[in-house]
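Chemist: coords below, sequence missing:
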């Protein structure tokens, strides 16, 4: 069941991060202002909603019994970690401390951002599938 949940969450992530994200959210989600927090929370909320739809689809298609509490915890984890990572400073902090500050200035931050999101999805999928 892990593979089913992970793939569904990955597809949900891609849908929420690209076609589901507005230009305003993308531009302002890391701003240190009330508007930035609203954009960040709206974008993270989009991830939670689309991930919920994906988990319901897994339940319907596979007949695998998903634990409601584990799914809720996984969705909370996805929303929280996504919002944190998308503040952008955590990615830059990581890259500066792991020897990649030049890569960060040449577009690498976007790749590290996605790698962190996918790692978080993996943790959520493990928790949901293990319950």
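Modeler: Received it, and whenever you're ready, just let me know what you need. Since the model is a prediction, treat every value here as computed from it, not as a measurement.
Chemist: could you pull up the contacting residues of the residue most central in space within the chain?
Modeler: Taking CA atoms, centre = their mean, the centroid of the chain lies closest to residue 82, which sits 4.0 Å from it. Residues near residue 82 by CB atoms under 8 Å, 6 or more residues apart in numbering: 43-44, 47, 117, 120. Quick note: C-beta positions are derived from backbone N, CA and C, even for glycine.
Chemist: pick the one among those residues closest to residue 11.
Modeler: residue 47 (12.0 Å; CB to CB).
Chemist: for that closest one, grab the count of nearby residues.
Modeler: Using other CB atoms under 10 Å, residue 47 is surrounded by 26 other residues.
Chemist: skipping adjacent residues, who's closest to it in space?
Modeler: Leaving out its chain neighbours, the residue that sits closest to residue 47 by CB to CB, 6 or more residues apart in numbering is residue 16, at 4.3 Å.
Chemist: now that neighbour. Its backbone dihedrals?
Modeler: phi -70, psi -40 (degrees, to the nearest 10).
Chemist: confidence score at it?
Modeler: Residue 16 is assigned a pLDDT of 98 by the prediction.
Chemist: got it, and residue 65?
Modeler: 87.
Chemist: what sits closest to residue 124 if chain neighbours are left out?
Modeler: Using CB to CB, 6+ apart and skipping residues adjacent in sequence, the residue nearest residue 124 is residue 74, 3.9 Å away.
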